[in-house]
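[1] With the sequence up front, the predicted model follows.
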Amino acid sequence: VLVYNESGVGEFLVGSEPSVDGEFGWSVSMYAGELLAVGAPGANASAGAAYLFQPGDGAWVEAGRLTAPDASAGSLFGFAVAAGQNEVVVGAPKAGVGGEAYQFRFNEVEWVVDATLEVGSPEPGEAYGSSLSWGLGDGGWTDLVAVGAPLATSLGEPGAGAVYVWMRDGTWVQEARVESSNVSPWSQFGWSVSMGVDEMAVGAWNVSAGRGSVFFYQRAPFTPRGRRARELGGGSVSWVSLSELTAWDGVAGDMFGHSVSLFGGMLAVGAPGADVSSLGGAGAVYLFVRSGLTWVSHSRVSAVSGEAGGAWGWSVSLEASALHVGSPGKELSGQSRSGGVSWLEVAPSPSVTPTPSASPSVSPSVSPSPSVSPSASSTPSVSPTTTPSATPTTTSSATPTSPASPSTSSTPSSTPTPSVSPSASSSPSV
């Protein structure tokens, strides 16, 4: 993992116990420049591990190596990570029956398991723990965690997907199981998730044969100190679907929603399978800005020197005016699919001023997702791979020749029309 500071000076990090096929760096999450979590789901015969780093005297120092308390081969612990203040949540989508999520905290001496966010009646193979996000509820007074289960059966549809929301009120309580009625089999709602304050964006990249959608939810009641209001009035919390976003120029195979990142009044959505000119699977990122309770199209960003199969937008991270975009198919220094991260400066206005980084930079908070190549005869499973496929219907080849420099395209001023009639696509091989 490469970590860059504001001056563009990078530091290469490795774990203290490297292993063949350990997949160190599969997922990454940073909290406020104070804690960096890095997943290695292939370590220990795919039982998995997660490494924690903190800034030291001019360098990042390993602060801990985490494993699941009930570790077993093939669990993929570290597939997703979400760092918080002196705590971290780690997903293991093949642990147990349908996956697990573990919350660790630092007790001033060491990192310990604080809780297992365990579904009461898990569905076999639902891949619970594939995506994670911290959030805040009740106007910022309550801690929330969202856990994606993209292969869950929802409303009778296999692989339609779901997101479980947990609330911490002394202890962790499952607050809701969020599903969408506008998805079809293998849409994989919950493949990506990003929370804010009483709001959540959920990606479903395989809606409409891989065109993809992002669903935006608001937590009700909306008012600050809502927890106290519920205690007094006996009310309950629900997650209300406000909108479904699609790419205004999207087509099948774009994988819009493969990654999402929500920050303040802006939403970034990755579409790593999108074509740019004649470059298949070069990838793009779509930006939306908030207008009341709706989202308005802002811009479509792509790499000027993109490559076929570059999968730009495989992962995204948005914080303040900084947007980081992962491109695992990028070739750098003659190394095929070595990957890279671009760093852009964005603002909630009709303009985007890119300042690209040719090498990997701060990694996204929305964990990278595994390679997905749907086929009618395949059986869903979750396993890390270092050779991601950019689109769900075709196999892209990575032939990049130079670092990416992002560009923007003009976009409509109105909110994109939702995709309300998704077509069923084939069962994925994850």
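    That came through, no problem. Numbers count the residues shown, from 1 in each chain.
[2] what sits opposite Val145 in the beta ladder?
    With DSSP bridges as the criterion, Val145 is bridged to Trp134, Trp166.
[3] Number of residues surrounding it?
    24 (other Cβ atoms under 10 Å). Backbone N, C-alpha and C define where each C-beta goes, glycine included.
[4] so how far is Gln103 from it?
    Plainly put, Val145 is 7 Å away from Gln103 if you go by Cβ to Cβ, to the nearest Å.
[5] Need the overlap of contacts for the two.
    Common contact partners of Val145 and Gln103 (Cβ atoms under 8 Å, 6 or more residues apart in numbering): Val89, Leu117, Trp172.
[6] Let me have the residues you listed in JSON lines, extended by distance to Gly250.
    Below are the shared contacts of Val145 and Gln103 laid out as JSON lines (distance: Cβ to Cβ, whole Å):
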{"residue": "Val89", "distance to Gly250": "31"}
{"residue": "Leu117", "distance to Gly250": "33"}
{"residue": "Trp172", "distance to Gly250": "37"}
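[7] Out of the residues you listed, which is nearest to Pro185?
    Distance to Pro185 across these (Cβ to Cβ) is lowest for Leu117, with 26.3 Å.
[8] Could you give the secondary structure assignment for the nearest residue in space to Val202 that is not next to it in sequence?
    Leaving aside its sequence neighbours, Val202 sits nearest to Phe215 (Cβ to Cβ, 6 or more residues apart in numbering; 4.8 Å). Here Phe215 is recorded as strand under DSSP: H, G, I helix; E, B strand; the rest coil.
[9] again, but for the one 4 residues further on
    When the structure is split into helix, strand and coil by three-state DSSP, Arg219 lands in strand.
[10] Start at 5, not 1
    Renumbered: residue one is now 5, and that last one reads Arg223.
[11] Hmm, it is touching Glu203, no?
    Yes: if you go by Cβ atoms under 8 Å, Arg223 and Glu203 touch, sitting 6.7 Å apart.
[12] of these two, who's got more company?
    Relative neighbour count places Arg223 above the other of Arg223 and Glu203, with 27 against 21, counting by other Cβ under 10 Å.
[13] Once you drop chain neighbours, what's closest to the more buried one?
    Arg223's closest residue in space is Asp202 (Cβ to Cβ, 6+ apart), at 4.1 Å.
[14] do the same with Gly37
    Closest to Gly37 by Cβ to Cβ, 6+ apart is Pro59, at 7.0 Å.
[15] what sits against that neighbour?
    By Cβ under 8 Å, 6+ apart, the residues touching Pro59 are Gly37, Glu38, Val65.
[16] again, but for Tyr106
    Ala72, Pro73, Phe81, Val93, Val94, Ala96, Val117, Ala119, Thr120, Leu121.
[17] From those, list just the buried residues.
    The neighbour-count test (16 or more other Cβ atoms under 10 Å) marks Ala72, Phe81, Val93, Val94, Ala96, Ala119, Leu121 as buried among these.
[18] quick one: least confident of the contacts of Pro59?
    Here the lowest pLDDT out of the contacts of Pro59 sits on Gly37, with 83.
[19] Do you have the strands of the stretch 55-204 of the chain handy? List them.
    64-70, 84-88, 91-96, 104-110, 115-120, 135-141, 146-153, 166-173, 175-182, 196-199, 203-208 (DSSP state E, counting those that start in this stretch).
[20] Could I get the average pLDDT for the fourth one?
    It stands for strand 104-110. For strand 104-110, mean pLDDT is 97.
[21] in that strand, what counts as buried?
    Neighbour-count burial for strand 104-110 flags Glu104, Ala105, Tyr106, Gln107, Phe108, Phe110 (criterion: 16+ other Cβ under 10 Å).
[22] was I right about the last one contacting Gln89?
    No: with the criterion set as Cβ under 8 Å, Phe110 and Gln89 do not qualify as a contacting pair; they are 9.5 Å apart.
[23] ok, Ser217 to Phe193 distance?
    Ser217 is 8 Å from Phe193, where distance means Cβ to Cβ.
[24] nearest to Ser325, of the contacts of Pro59?
    Gly37 (15.3 Å).
[25] what helix or strand is Ala49 on?
    Counting by DSSP states H and E, the element that carries Ala49 is helix 47-50.
[26] What residues of that helix count as buried?
    Neighbour counts over helix 47-50 (16+ other Cβ under 10 Å) mark Ala47, Asn48, Ser50 as buried.
[27] How about the secondary structure of the residue lying closest to His328 once chain neighbours are set aside?
    Distance criterion Cβ to Cβ, 6+ apart; nearest residue to His328, sequence neighbours excluded, is Ser321 at 4.4 Å. Three-state call for Ser321 (three-state DSSP): strand.
[28] Relative to Ser79, how far out is Ser321?
    From Ser321 over to Ser79 the distance is 26 Å, taken as Cβ to Cβ.
[29] any idea how far the longest strand anywhere in the chain is from the chain center?
    Secondary structure of the chain per DSSP state E: the longest strand is strand 298-307. Centre-to-centre, strand 298-307 and its host chain are 18 Å apart (Cα atoms, centre = their mean, to the nearest Å).
[30] With stretch 112-132 instead?
    Worked out by Cα atoms, centre = their mean, stretch 112-132 lies 18 Å from the chain centre.
[31] If we go by neighbour counts, what in it is buried?
    Applying 16+ other Cβ under 10 Å to stretch 112-132 flags Trp115, Asp118, Ala119, Leu121, Glu122, Val123, Pro126, Glu127, Gly129, Glu130, Ala131, Tyr132 as buried.
[32] isn't Ala307 right up against Gly330?
    No: using Cβ under 8 Å, Ala307 is not in contact with Gly330, being 11.6 Å away.
[33] which residues do these two both contact?
    Contact criterion Cβ under 8 Å, 6+ apart; residues shared by Ala307 and Gly330: Trp316.
[34] Tell me the buried residues in stretch 217-225?
    Within stretch 217-225, the residues that count as buried by 16+ other Cβ under 10 Å are Ser217, Val218, Phe219, Phe220, Tyr221, Gln222, Arg223, Pro225.
[35] Can you get me a residue count around the closest residue to Ala36 other than its chain neighbours?
    Nearest residue to Ala36, sequence neighbours excluded (Cβ to Cβ, 6+ apart): Gln89, at 7.4 Å. When neighbours are counted by other Cβ under 10 Å, Gln89 registers 13.
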